[in-house]
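>>> 3D, please:
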Amino acid sequence: FLLQSGCRRLLYFVKHRSFWTHIRRNVTTWSPVGAAFNAKPARRVVVMFPVTNLSCPAGFQAATKAALKNTELLVQNACSCPPGVETVQCFDQLSDGLCKVADLADFIKVAHPDPAFREAAEKTCIDIGTVVEKLNTNVELCKSLKSLLDNPDIVSQLDPDTRRVAELFMFDFEISGIHLDDKLRKEAVALHVNLLDLNNEFLVGSHMPNRIARSSIPEHLHIHFANEGSFIQVGGLHADSPDDLVREIAYRIYLYPNADLMGCLEELLKCRYKLAKLVGYDSYGHRALKGTMAKTPGYCMSLLQLTAKDFKMMRDMKKKLNPCNSVSDFIRHNYTPYNIEPSLYSPYLSLGACMEGLNNLFSQLYGVSLMSEHPSAGEVWSEDVRKLAVVHEKEGLLGYIYCDFFHRSNKPHQDCHFTIRGGRWCRETDQYQLPVVVLMLSLPHPTKSTPTLLTPGMMENLFHEMGHAMHSMLGRTRYQHVTGTRCATDFAEVPSILMEYFATDYRVISQFARHYETGKPLPESMVARLCESKKVCGAADTQLQIFYAALDQIYHSKPQNRSTTEILKEMQQKFYGLPHIPNTAWQLRFSHLIGYGAKYYSYLMSRAVASMVWRQCFVQDPLNRDMGERYRREMLAHGGAKEPMLMVEGMLQRRPTIEDFVDALVSELHPNFETFIMDSES
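Got it, this is the predicted structure:
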């Protein structure tokens with residue numbers, strides 16, 4: 001696309017990257033990106049993105065009103081223009097106008113420190129969501145698209161991206177019940193609106209802390225939890241704590257059942273099933289999986305059962321060879337994400353060092369640099385948010401990443417990627433609309449003397465979320481509806497999970513892990529131990545995700561006529577092998593049931609694909625530019641504009657089978673599992 005004049009200054013730094021490489025030899029000097037993330041922020045007046053009318057909470061009402069007015073005009077255009085490319089362009093403009101407001105509100109409602117902003121944003125989400133559901137059952141709008149797709153002559157003249165987007169919009173109509181009569185369509189809309197409320201209620205409740213009387217917990221442990229007068233507040237599982245008792249207390253209190261939230265979840269699942277049946281599907285799972293790589297719940301459960309079976313076989317053989325080193329033992333006795341002491345590694349993994357590592361990795365793989373920019377007054381919602389411009393050495397400015405990395409009160413303890421504005425070609429301006437995303441983490445703040453130091457788990461999460469961000473940045477789709485991570489859910493996690501392999505490869509870590517005070521690199525023996533520990537943890541994570549995914553599938557199958565806790569007990573025993581702890585309800589903290597309802601298996605499918613891509617394309621040389629370019633060309637560039645399995649096939653140069661997916665997942669249990677099988681049988 002045309003290079004904007006505003007990025008010429010940024011390109012200067014890209015062309016003179018060797019200068020910064022030379023400076024980094026000085027052990028006390030960081031690159032601009034590293035320095036930006038290792039320094040305390042300067043205080044300034046903050047609001048949020050520089051969007052018209054959003055300098056105060058009331059601005060959301062004005063933005064919503066403007067978006068809905070524009071929607072009316074675009075609906076008229078879409079219904080009146082002759083069938084062709086212009087029809088699809090009108091639909092995409094319609095999607096873009098609503099998403100710009102809804103996506104921003106979706107982020108602000110969970111991230112803004114001002115409750116008035118959060119409340120206004122939440123109302124906007126509901127208002128826009130209600131309009132979207134009505135549009136998805138708008139008969140005249142559907143007819144305009146159907147007249148295009150039903151005409152073979154017109155369809156044959158469409159380019160592949162336009163045809164794909166037209167089919168995806170039609171799919172949205174179909175799963176919303178466009179084929180129903182007026183009465184049933186209204187019922188479908190009412191169910192959708194009810195689900196918006198239930199989704200929001202469950203999502204908020206799933207992140208709310210539980211509390212217990214201070215006198216119920218040993219006094220010396222109070223420092224590990226938040227104080228609330230005569231109560232102790234438990235807002236998470238404290239899985240990283242080395243203290244067994246702290247982890248046990250957190251587990252029992254945080255997961256203690258909440259009757260209201262339990263009722264919300266059960267009503268939500270009933271409502272989803274009713275909607276799916278109304279629009280013609282056997283279950284909500286069947287409705288959710290249409291259009292994914294798995295396609296059906298049957299394929300999904302086969303993948304989970306085959307993988308669980310092979311995992312059990314591998315565990316049994318590994319335990320026979322080395323009884324003290326089984327994954328099961330690891331899960332029982334080592335709850336921390338890495339079987340290492342985090343404090344030994346953290347001084348080498350300052351946030352600035354890790355951001356330099358990401359910058360170097362993207363530079364070598366894609367020719368892309370991360371450039372720190374100072375936000376304008378009123379541009380960000382919290383003073384510690386950092387802004388990055390993403391610049392390609394030839395293509396120029398690709399987009400912006402806002403890094404909301406630090407913990408603050410009322411901010412969810414969850415790592416997330418938010419699309420604020422999707423990329424697309426704007427026929428109105430004849431320019432490319434640059435994508436804008438937010439990465440949200442919950443890291444400790446730097447101090448006057450020490451930058452933010454990451455544990456290995458935090459570092460891996462940072463790489464994971466940056467994988468999502470680069471998916472958004474490196475795509476150059478014609479249509480916003482399929483930009484970046486707006487693709488099949490079981491493909492959307494591939495780029496982020498692939499980044500986890502880079503995060504735990506000794507050749508990558510060795511490039512950036514250095515002590516924040518001395519500049520000395522992380523010793524090779526520690527690098528090796530870090531990478532090996534991740535391999536053990538990866539297997540444990542995969543087994544846990546099999547259980548989560550199986551539970552999700554059962555919840556979204558036909559009604560079970562039993563409580564969600566009873567289903568949890570059965571699935572945990574069957575797929576995880578550990579007993580359920582009485583008086584706990586882990587499912588009430590399973591917030592992925594909202595965004596990933598019936599699609600949590602996507603993490604496993606994506607992990608299988610990422611594993612195959614890593615082993616076939618990057619394991620020999622993780623910094624190979626040719627492979628980086630191929631990865632961008634075959635997978636990242638298309639967003640959702642291409643069938644996900646075709647993108648996988650293009651990258652691997654073969655179409656994987658279900659057995660290939662299972663083998664890729666089981667290989668996580670042992671780095672060379674084929675040799676391991678042969679050794680075990682001999």
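>>> tell me where the stretch 151-300 of the chain has helices.
Along the stretch 151-300 of the chain, counting by DSSP state H, counting those that start in this stretch, helices occupy 152-157, 160-175, 182-207, 244-254, 259-278, 284-289, 297-321.
>>> ok, the stretch 1-150 of the chain next?
Remark: helices assigned in the stretch 1-150 of the chain by DSSP H, counting those that start in this stretch are 8-15, 17-23, 32-38, 59-80, 85-111, 115-135, 139-149.
>>> in the fourth one, what counts as buried?
The neighbour-count check on helix 59-80 (16 or more other C-beta atoms under 10 Å) flags Gly59, Phe60, Ala63, Thr64, Ala67, Asn70, Thr71, Leu74, Val75, Asn77, Ala78, Cys79 as buried. C-beta here means a position set from N, CA and C on the backbone, and glycine is covered the same way.
>>> report the mean per-residue pLDDT for the helix or strand where Val508 lies.
According to DSSP states H and E, Val508 maps onto helix 506-512. Mean pLDDT, helix 506-512: 95.
>>> give me the contact list for that helix.
353-354, 356-357, 360-361, 502-503, 521-522, 524, 527-528, 530-531, 622-623 (C-beta atoms under 8 Å, 6 or more residues apart in numbering).
>>> just the angle for whichever helix or strand comes after it relative to helix 259-278, thanks.
As assigned by DSSP H and E, the chain's next helix or strand after helix 506-512 is helix 524-555. Angle of helix 524-555 versus helix 259-278, following axes from the mean of the first three to the mean of the last three C-alpha atoms, to 10 degrees, is 70 degrees.
>>> just give the number of residues close to Ile40.
No Ile there; residue 40 is Lys. Each residue near Lys40 was counted by other C-beta atoms under 10 Å, and the total is 13.
>>> in which helix or strand does the residue lying closest to Phe406 once chain neighbours are set aside reside?
In space, and not counting its chain neighbours, Phe406 is closest to Asp384: 4.7 Å by C-beta to C-beta, 6 or more residues apart in numbering. In the assignment (DSSP H and E), Asp384 maps to no helix and no strand.
>>> out of the helices of the stretch 1-150 of the chain, which one sits most buried?
Among the helices of the stretch 1-150 of the chain, ranked by average contacts under mean count of other C-beta atoms under 10 Å, first place goes to helix 85-111 (a mean of 22).
>>> name the helices or strands packed onto it?
Judged by 3 or more C-beta pairs under 8 Å, 6 or more residues apart in numbering; DSSP states H and E, the packing partners of helix 85-111 are helix 59-80, helix 115-135, helix 139-149, helix 160-175, strand 416-421, strand 436-443.
>>> in TSV, list the ones you listed along with distance to Ala105.
Putting the helices and strands packed on helix 85-111 into TSV (distance: least, C-beta to C-beta, whole Å) gives the following:
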stretch	distance to Ala105
helix 59-80	6
helix 115-135	4
helix 139-149	23
helix 160-175	20
strand 416-421	10
strand 436-443	13
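>>> quick one, phi psi at the residue nearest to Phe406?
Main-chain dihedrals, Asp384, degrees, to the nearest 10: phi -100, psi 10.
>>> and it, how close does it get to Leu498?
Using C-beta to C-beta, to the nearest Å, Asp384 is found at 29 Å from Leu498.
>>> higher neighbour count, the two?
Ranked by neighbour count (other C-beta under 10 Å), Asp384 and Leu498 place Leu498 first, with 25 against 18.
>>> before we move on, the earlier item: buried members of the contacts of helix 506-512 into PyMOL, please.
Buried subset of those, written as a PyMOL selection, criterion 16+ other C-beta under 10 Å:
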select buried, resi 353+354+356+357+360+361+502+503+521+522+527+530+531+622+623
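>>> for Val390, which of the helices of the stretch 1-150 of the chain is the nearest?
Closest to Val390 of the helices of the stretch 1-150 of the chain, according to C-beta to C-beta: helix 8-15, at 9.4 Å.
>>> can you tell me the strand partners of the lengthiest strand in the chain and which way each runs?
Using DSSP state E to define each element, the chain has its longest strand at strand 396-406. Strand 396-406 has these partner strands in its sheet, going by DSSP bridges: strand 386-392 (antiparallel), strand 436-443 (parallel).
>>> any chance of the helices and strands packed on helix 85-111 in JSON lines, with mean pLDDT and distance to Tyr516 too?
As requested, the helices and strands packed on helix 85-111 are exported to JSON lines (pLDDT from 0 to 100; distance: least, C-beta to C-beta, whole Å):
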{"stretch": "helix 59-80", "mean pLDDT": "93", "distance to Tyr516": "40"}
{"stretch": "helix 115-135", "mean pLDDT": "91", "distance to Tyr516": "35"}
{"stretch": "helix 139-149", "mean pLDDT": "95", "distance to Tyr516": "56"}
{"stretch": "helix 160-175", "mean pLDDT": "94", "distance to Tyr516": "46"}
{"stretch": "strand 416-421", "mean pLDDT": "94", "distance to Tyr516": "27"}
{"stretch": "strand 436-443", "mean pLDDT": "95", "distance to Tyr516": "14"}
